[in-house]
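Visitor: build me a structure from this.
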Amino acid sequence: MKRSRSTYALWAIVAVLVVGFYSIELQPNQASVFSVPSFSADEETEIVKNKSTPSLQEFNDAIVEVAEEAKSTVVTVTVTQTVQARPNPLSRFFGDPRDQQPKRYEREGQGSGVIVSKDGYILTNNHVVENADEVEVQLYNDKVYNAKVVGTDPQTDIAVLKVKAEDLNVIKLGNSEKARVGEMVLAIGSPLNNGLAHSVSMGIVSAKDRSIGIIERGAGYENFIQTDAAINPGNSGGALVNMEGELIGVNTAIASRSGGSDGIGFAVPVDIAKRVMKSIIEKGRVVRGYLGITTGGEVDDTMARALGLNKSYGIIVGAVKDDGPADKAGLQEDDIIQTLNDKPVRNWNSLRTTIATSSPGTEVELGIIRDEEKMTLTVTLGELPEDLMTDNNQSRPDVDLEEQLGFSVTNLSPEIAQELGVSRNQDGVVVTQISRRSDAYQQGLRQGYIITEVNREPVANLSEFNEAMNKLMEQKKDIVLLRVKTKNVNQLIAFEL
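Guide: Predicted coordinates:
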C-alpha cells in the first residue's frame, strides 16, 4: 500500500519527538541503543507539572480578563465648542440683510480618556479638549459627568480632566520605558462615534521612539510608541494597554492615506504623560527640564567618517549657555553627545524630547566624545525658561485662517514624507484635518495631500503657506488655487474662500 506524504511527515514528527525525549548512546561498531530513563510516579507527576503550558483557551481567557478590566477605566469624552459661522456672501444681493450678521452655533467633537485616580483625574489628549467650552465624560457604566479641564500641554498633546466622582475604577500606570517591540497590546477607546464606545483592538508594539512632526505642528516633543492595533478618529486619548493590564501609552494619532486605520498608530508614552500630569496637578502648569545647549548638527555616516568616529549617531554641541546646567557640568562646544543615560542619541529631536519631558533637578548621564576621547558627564537639569517654552510663532498654525479654510496643515517633515511615499526632501505642507463641509473638500482636497503651491507661488513650509493665504485674504480674493501632490497625484485644486 502506498503511503501519503502526510503519513510520512507524521511519522517523521513522532520520530523527532522520541529522539528528543530519550537519550542516545552510541557504542563503537554497534547500532544505536536507546537508553530509556526510569522515573518514579512522583517524579513523572512533577515533570508533567513543570512542562505544562497554558492552553489556547486559557491564553484567550487571560486576554479577555485584561480587556474587561481595562475597559472599565476608559471613558468617552464629548466636547462642545461655540463657533462663528461665516455669513453667506450672496446675502449682499439677495435675501434678508440680517443674514450678513455672523451667526454662532455649537459644534460637538468626541474622543476618549483614561481614569487614573479614584477621585476623578482623567488623562486624555490636548487636541481632544482644545478650545472646548464644555466637556462631558461618559463612564463604562453609562454615567455622565461634567468635566473640568485641569490643564493642558499642547507640546506633548496631553490634557488632564477632573470629574466630581469617587471610588472610580482606575487603570494601573505601567512603565513605557520597559515596553518591548513585538509585545502584544490592546488599544481601547471610542472610535468614530459614541455607539462604538469601549471598542478593543489588539496588536503589537511596532516601534518605539517615533517622531512624526504632528504635535504643535512639528514644534512639540514627540517620542511615540507605534502600534498596529487599530486606532481610528475618536480613539484619541484612549488607552494603550499591555498584557499586564497596565497603561503604557495614551493613543494620539494615526498615519493614514484613507483617514482610517492603516495599522500605523501612535501613542504618547505613559512615562511622559505621568510627568506632565504630575506637573499640572501639583504646580498648575507644565515645567520642563533644561540642558542649556543648541545643536551644531547630527552625526550621520559622512560626519562620522569626517570626525573619525566608529559609530554614526549622536549630536554635536553647537553652543553652551553660560552658567546653564550643561556649562556647570563641563560640557563644551563641539563635544559630541552619543549617549543619554546609556541609550544612543539618534538625533537632536530625541535628545530634546527626553530632556524637556524630564523634571528639573533630574540627574542625567551624557556619554560624550571630546578630542577623540570618551568621557561621561553628569548633568543636573534646570528648569526651561518661560521665554523658551514655545517656538517662533511663524512656525505655528493660524487658527483664524484654519477656521476660514475648513482645513489645517502642518510642516512636511522627512518622516511624514516617507510615510506618504514621497521624497524626504519634498517641500510643502501636508493637510492634517479637513471638514467634509468645506468647499476645499468638495473640490477634492483630502487629508494627507501635500500643498506645494498657492496661486502658482511655491510654498515650502507652514510659514510661507500662512503668509500666502493671509495675502489672499488681504487682497479679498474669492478663489484659491492649490497645487497638491501625493505619491500618485499631482494636480490643481481650486476652491472658494
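Visitor: how about low-confidence regions in this protein?
Guide: Applying pLDDT under 70 to the chain flags the ranges 1-53, 83-106, 216-219, 258-260, 387, 389-401, 415.
Visitor: walk me through the domains of it.
Guide: Following automatic domain parsing, the chain resolves into domains at 5-51, 289-388, 393-496.
Visitor: can you redo these as a markdown table with mean neighbour count?
Guide: For the C-beta atoms, the positions are set from N, CA and C on the backbone; glycine is no exception. Output for the domains of the chain, formatted as a markdown table (neighbours: other CB atoms under 10 Å):
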| stretch | mean neighbour count |
| --- | --- |
| domain 5-51 | 9 |
| domain 289-388 | 16 |
| domain 393-496 | 16 |
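Visitor: reformat these as CSV; add distance to Ala159.
Guide: Putting these into CSV (distance: least, CB to CB, whole Å) gives the following:
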stretch, distance to Ala159
domain 5-51, 49
domain 289-388, 15
domain 393-496, 17
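Visitor: right, so of those, which gets closest to Gln110?
Guide: Of all those, it is domain 393-496 that lies closest to Gln110, at 14.2 Å by CB to CB.
Visitor: and the helices in the chain?
Guide: For the chain, applying DSSP state H gives helices covering 5-21, 41-51, 56-71, 126-129, 270-283, 301-307, 325-329, 348-356, 399-405, 414-419, 439-442, 462-474.
Visitor: of all those, which one comes closest to Val185?
Guide: Between Val185 and those, the tightest spacing by CB to CB is seen for helix 56-71, at 10.0 Å.
Visitor: can you tell which of the domains of the chain is closest to Ile158?
Guide: Comparing these by CB to CB, domain 289-388 comes nearest, at 9.9 Å.
Visitor: picking that back up, out of the helices of the chain, which comes closest to Phe495?
Guide: It's helix 439-442; of the helices of the chain, that one is closest to Phe495 (CB to CB) at 4.4 Å.
Visitor: how about residues contacting the closest one?
Guide: Leu405, Gly406, Phe407, Ile434, Ser435, Val480, Ile493, Phe495, Glu496 (CB atoms under 8 Å, 6 or more residues apart in numbering).
Visitor: redo that, cut-off 10 Å
Guide: Residues from elsewhere that reach helix 439-442 (CB atoms under 10 Å, 6 or more residues apart in numbering): 405-407, 431, 434-436, 445-447, 449, 479-480, 482, 493-497.
Visitor: next up, the contacts around Pro360.
Guide: By CB under 10 Å, 6+ apart, the contact set of Pro360 is Ser279, Val287, Arg288, Gly289, Tyr290, Pro325, Thr380, Leu381, Gly382, Glu383, Leu384.
Visitor: so who does the third one touch?
Guide: Pointing back at Arg288 there. Applying CB under 10 Å, 6+ apart, the residues contacting Arg288 are 153, 155-156, 221, 275-276, 279, 355-360, 381-385, 388-389.
Visitor: just the ones of the residues you listed in strands?
Guide: Asp153, Gly382, Glu383 (DSSP state E).
Visitor: the second one reaches Gly324, doesn't it?
Guide: Right, Gly382. Yes - between Gly382 and Gly324 there is a contact under CB atoms under 10 Å: 6.6 Å.
Visitor: anything in contact with each of these two?
Guide: Tyr290, Leu291, Gly292.
Visitor: of all the residues you listed, which comes closest to Arg180?
Guide: For the shared contacts of Gly382 and Gly324, the nearest to Arg180 is Leu291 (28.1 Å; CB to CB).
Visitor: hmm, the closest one is touching Ala326, no?
Guide: Yes - between Leu291 and Ala326 there is a contact at 5.1 Å, judged by CB under 10 Å.
Visitor: so what's in contact with these two at the same time?
Guide: Val317, Val320, Ile337, Ile355, Leu366, Val379, Leu381, Gly382.
Visitor: and those, which is closest to Thr486?
Guide: Ile355 (35.5 Å).
Visitor: show me what contacts that closest one?
Guide: Ile355 touches 221, 288-293, 325-326, 340, 362, 364, 379, 381, 384, counting by CB under 10 Å, 6+ apart.
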